[in-house]
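[1] My questions are about this predicted structure, shown below with the sequence.
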Amino acid sequence: MAHFRYYIKMASITIKETITRSIAEALEKMGLFYSPIVLEHPENPLHGDYSSNIALVLGKKENADPQSLAEKIIEHIKKPKEIFKVEVARPGFINFFLSGAFFSKALAGILKEKDNYGKNNILKNKKIIIEYTDPNPFKEFHIGHLMSNAIGESLSRIIEFSGAEVKRANYQGDVGLHVAKAIWGKIQKTDLSWGAAYAHGANNYEVNKKEVDEINKKIYEKNDGAINEIYELGRAWSLEQFEKIYKRMGTRFDFYFFESETGGVGKQIVEENIENGIFEKSDGAVVFHGEKFDNKLHTRVFITKDKLPAYEAKEIGLIKIKNERYPHDSSFVVTGNEVKEYFLVVHKAIEQIFPELAKKMKHIPHGMLRLSSGKMSSRTGDVVFAEFLLDNVKNKVLEKMKDSKIPNKETVADKVSVGAVKYSILKQSAGNDIVFDPEKSLSFEGDSGPYLQYTHARTCSVIEKAKEENIKVSVKKIPEQVEDIERLLERFPEITKRACKELEPHHVATYLTQLAGAFNAFYAKNRIVEAGENAPYRLALAKAVSIVLKNGLWLLGIEAPERM
């Protein structure tokens, strides 16, 4: 991922960078040098807004007492105007406390920037293509595709938020053995749905292998009118159904790539690279011996004995076509981690043919989405459909809303159900498996999508009530006490940068949950609209929380209803 990191340049100086610079300058005055200087947020606000362990690190290196060294460092620190206090805590931490005026200024900045708050330019002028979702026509759109869709869409938004031009791509397998199995199943039982037809074909493949394989060849060669007609009907129906789910999930794609177009291109490239030894003929097939290039890799077939391009060859064709359609700086592919080893071999093959394109590629694997019944399996027909899951959660939302008098219940319920599923996927690192619990996903006690949406709706309610009372937002009268909300609000740009650099949406999800918790605790203890002279500042806090929650939820691909 080195190529991606090279793009990251700081667009503006943050308070964290200001503090880091002041420490570095103090060390230079003392004749000491160390990098990197680490700053963290103490869990307890009594220990400051930022804390550095630099004295502990240097104390060990210089064989000096960390406590004494920390005290000498702060003597040489030129305190920035945003800092009102710097102190040493045992055994040698240096703690920095930000001023109330700093937080007031930061609050005013949020209210001014609104939808742009949290954006940065660390990827300015970079062109990035992200491929995700990748369902196969003739098979059902299952919950595994929801994982890829939620993660890919969120990453697309996070990278856009960092100044890049992003193109969303969807690669779909509209040819291959799975299509032949589905068509064979449909011929045998015309009343079956396409998903059921595929399952029927898969379950009976070994007994009817010759017939299915023959259909597979006909699909590639397009030489059978009856098969072509069934194929076109099935393909069109599948793609139409997929579009309905994309719309429901709030996803749009700029490019649709299909195996029917990448296969021929990939096959030709593989065949052109046999003589030079990159690929080799083996028992009638063409293979790539990955272990020849890296002993951790293995051998894979790129062209089958039937002279058809395997998935691996199609992947090479896809890389070439992607770059032709959209010349880019980086190409990310979001898929399940079960194909991680497959991608390593394919990437190594691409390195030999298109070294420059290989440098731009990064595979982002994700874990499995599981229900209490265990792992899904489209081969056996025991598959958990995406729409089934979304409808199931939506029905639970409608049940909880049965006594609500808000208009457009159906629309709100759909937003909440999608938010519940997406948050459950995005709240942890992408590589981890997820056990989805519908009840917990709808909890209003925290750590859920609906909790964040409800908190946003609560801020909107406060703002609406303030309008009725003719209370205006103001940050001129600064309270003596800095609230946890203010500390968290100021950190949002830091969180968005980290999520982008690490390609991890869960940093945003975790942060939003902390912010929502801080606001709800503040709301429970303090009057906002009826707070007298403090009302304008508290209203400013509520409005800023509303802005940040909305921006953060957008990054997760979750809508922020104003009423719930």
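    Arrived safely.

[2] What sits closest to Arg563 if chain neighbours are left out?
    Distances taken as C-beta to C-beta, 6 or more residues apart in numbering put Ile406 closest to Arg563, at 4.9 Å, once the chain neighbours are dropped. C-beta here means a position set from N, CA and C on the backbone, and glycine is covered the same way.

[3] Which secondary structure element of this protein has the lowest mean pLDDT?
    None of the helices or strands of the chain scores lower by mean pLDDT, DSSP states H and E than helix 2-5, at a mean of 38.

[4] And whichever helix or strand comes after it, what's buried?
    As assigned by DSSP states H and E, the chain's next helix or strand after helix 2-5 is helix 15-29. Judged by neighbour count using 16 or more other C-beta atoms under 10 Å, the buried positions of helix 15-29 are 15-16, 19-20, 22-24, 26-27.

[5] Pick the one among those residues closest to Val529.
    Ranking the buried residues of helix 15-29 by separation from Val529, with C-beta to C-beta as the measure, puts Ile15 on top at 30.7 Å.

[6] so where is this structure shaky, pLDDT-wise?
    Along the chain, the parts satisfying pLDDT under 70 run over 1-12, 372-383.

[7] Which stretches in the stretch 201-350 of the chain count as strands?
    Assignment of strands within the stretch 201-350 of the chain using DSSP state E, counting those that start in this stretch yields the ranges 255-258, 280-282, 285-289, 299-303, 330-336.

[8] which helices and strands does the first one pack with?
    Okay, so that is strand 255-258. The criterion is 3 or more C-beta pairs under 8 Å, 6 or more residues apart in numbering; DSSP states H and E, and the helices and strands that strand 255-258 contacts are strand 165-172, helix 311-325.

[9] okay, those in TSV with distance to Phe96 and mean neighbour count next?
    Output for the helices and strands packed on strand 255-258, formatted as TSV (distance: least, C-beta to C-beta, whole Å; neighbours: other C-beta atoms under 10 Å):
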stretch	distance to Phe96	mean neighbour count
strand 165-172	36	21
helix 311-325	46	21
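
[10] re earlier: list the contacts for the residue nearest to Arg563?
    Counting by C-beta atoms under 8 Å, 6 or more residues apart in numbering, Ile406 touches 412, 563-564.

[11] Lys477 now?
    With the criterion set at C-beta under 8 Å, 6+ apart, Lys477 makes contact with 533-534, 536-537.

[12] When you filter the contacts of Ile406 down to buried only, what's left?
    Among those, those classed as buried by neighbour count (16+ other C-beta under 10 Å) are 412, 564.

[13] Show only the entries of the contacts of Ile406 found in helices.
    Val412 (DSSP state H).

[14] got the contacts of Ile406 as TSV, with distance to Gln352 columns?
    Formatted as TSV, the contacts of Ile406 follow (distance: C-beta to C-beta, whole Å):
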residue	distance to Gln352
Val412	53
Arg563	57
Met564	55
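
[15] Which of the strands of the stretch 201-350 of the chain has the highest mean neighbour count?
    The highest mean neighbour count among the strands of the stretch 201-350 of the chain, using mean count of other C-beta atoms under 10 Å, belongs to strand 330-336: a mean of 23.

[16] picking that back up, the helices and strands packed on strand 255-258 into TSV, with extra columns for distance to Lys281?
    As requested, the helices and strands packed on strand 255-258 are exported to TSV (distance: least, C-beta to C-beta, whole Å):
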stretch	distance to Lys281
strand 165-172	28
helix 311-325	14
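
[17] Asn203 and Phe385, how far apart?
    When distances are taken as C-beta to C-beta, to the nearest Å, Asn203 and Phe385 turn out to be 18 Å apart.

[18] er, Met147 I mean
    To Phe385, Met147 is 14 Å away according to C-beta to C-beta.

[19] More neighbours: Asn203 and Phe385, which one.
    Taking neighbours as other C-beta atoms under 10 Å, Asn203 and Phe385 compare with Phe385 leading, 18 against 14.

[20] Tell me who's in contact with that one.
    If a contact means C-beta under 8 Å, 6+ apart, then Phe385 has 140-143, 195 as its contacts.

[21] Nearest to Asn53 among those residues?
    Sorting the contacts of Phe385 by distance to Asn53 puts Ile143 at the head of the list, at 42.8 Å, by C-beta to C-beta.

[22] Leu389 is in contact with the closest one, correct?
    Yes - Ile143 is within contact range of Leu389, at 5.5 Å (criterion: C-beta atoms under 8 Å).

[23] Common neighbours of the two, please.
    Common neighbours of Ile143 and Leu389 are listed as 371, 436 (criterion: C-beta under 8 Å, 6+ apart).

[24] right, so of the strands of the stretch 201-350 of the chain, which gets closest to Val475?
    In terms of C-beta to C-beta, the element of the strands of the stretch 201-350 of the chain nearest to Val475 is strand 330-336, at 39.5 Å.

[25] Quick one: residues in contact with that closest one.
    Outside strand 330-336, the residues within contact range by C-beta under 8 Å, 6+ apart are 3-4, 7, 126-132, 134, 144, 147-148, 151-152, 155, 319, 322-323, 343, 357, 360-368, 430, 503.

[26] returning to what we had before: which of the contacts of Phe385 fall within helices?
    Using DSSP H to define helices, the subset of the contacts of Phe385 located there is 143, 195.

[27] As TSV, the contacts of Phe385 with neighbour count would be great.
    As requested, those are exported to TSV (neighbours: other C-beta atoms under 10 Å):
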residue	neighbour count
Glu140	24
Phe141	23
His142	21
Ile143	23
Gly195	21
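
[28] ok, so of the contacts of Phe385, who is nearest Phe257?
    Minimum distance to Phe257 across the contacts of Phe385 is 17.2 Å, recorded for Phe141 (C-beta to C-beta).

[29] So the closest one is in contact with Phe242, correct?
    Yes - the pair formed by Phe141 and Phe242 meets the contact definition of C-beta under 8 Å, at 5.9 Å.

[30] what residues do these two have in common as contacts?
    Any residue near both Phe141 and Phe242 by C-beta under 8 Å, 6+ apart counts here, and that gives Pro135.

[31] okay, now Gly225: neighbour count?
    Applying other C-beta under 10 Å, we find 9 residues neighbouring Gly225.

[32] cool, the one 3 residues further on as well?
    Other residues near Asn228 come to 13 when the count uses other C-beta under 10 Å.

[33] now Lys292
    13.

[34] now it: how far from Lys189?
    46 Å.

[35] returning to that earlier point: now distance to Ile463 too, for the contacts of Phe385, in JSON lines please.
    Below are the contacts of Phe385 laid out as JSON lines (distance: C-beta to C-beta, whole Å):
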{"residue": "Glu140", "distance to Ile463": "43"}
{"residue": "Phe141", "distance to Ile463": "38"}
{"residue": "His142", "distance to Ile463": "41"}
{"residue": "Ile143", "distance to Ile463": "37"}
{"residue": "Gly195", "distance to Ile463": "46"}
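
[36] For Ser474, which non-adjacent residue is closest in space?
    Computed as C-beta to C-beta, 6+ apart, the closest residue to Ser474 that is not its neighbour in sequence is Pro536, at 3.6 Å.

[37] Tell me where the stretch 101-250 of the chain has helices.
    Secondary structure of the stretch 101-250 of the chain by DSSP state H, counting those that start in this stretch: the helices cover 143-161, 177-188, 194-203, 209-221, 225-249.

[38] Of those helices, which stretch is the most buried?
    Taking mean count of other C-beta under 10 Å as the contact definition, the stretch among the helices of the stretch 101-250 of the chain with the greatest mean neighbour count is helix 143-161, which reaches a mean of 25.
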